[in-house]
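Participant: fold the following.
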Amino acid sequence: MRLTFAAVLLASAAPAFGQSLDYEYFKSQVEPIFITKRVGHTRCYVCHNERSNNALRLEKIAPGASFWSEEQSRRNFETVSRLVVPGKPEASLLLLHPLAPEAGGNAYHSGGRQFESRDDPAWRTIARWVRGG
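Facilitator: Now for the predicted structure:
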């Protein structure tokens, strides 16, 4: 009985297994962040593409196109979703890796500190997606 009660408490405190992430929010709000030029930084897409040797590999944008096709966006969604813990932005590699260590990020990101703080509008947009809001 005690074990069952503990399991129920644990399940209610953690995000549900398989908690879904919002694809439409990802496509309209999060995905554009990856191709937007940030002052003092290169676009995420430049280093995180099909030729990259890291966990975030975004689809190649077709020659002459300025954005991904629907099919490519869905594949990007699947790839990026593996780098987050739904409901927990503070535990999601997608948010911690490019965040400055002084702001709680991890120490390694060869692309520089895309986000100096958790107040960065792009960081907050991604965090909102991960939280499910």
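Participant: what is whichever strand or helix holds Arg128 packed up against?
Facilitator: Following DSSP states H and E, one finds Arg128 within helix 121-131. The contact analysis (3 or more Cβ pairs under 8 Å, 6 or more residues apart in numbering; DSSP states H and E) places helix 121-131 against helix 93-96. C-betas here are computed from N, CA, C, even on glycine.
Participant: can I get the helix it packs on in CSV? Just the C-alpha atoms.
Facilitator: As requested, the backbone C-alpha atoms of helix 93-96 are provided in CSV (Å, rounded to 0.1, in the frame of the first residue of the first chain):
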residue,chain,number,x,y,z
LEU,A,93,19.3,20.6,-22.5
LEU,A,94,17.8,22.7,-25.3
LEU,A,95,17.6,25.6,-22.8
LEU,A,96,20.6,24.9,-20.6
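Participant: got the contact list for that helix?
Facilitator: 55-56, 80, 83-84, 89-90, 104-106, 115, 123, 126-127, 130 (Cβ atoms under 8 Å, 6 or more residues apart in numbering).
Participant: return the member of those nearest to Cys47.
Facilitator: Leu56 (8.6 Å; Cβ to Cβ).
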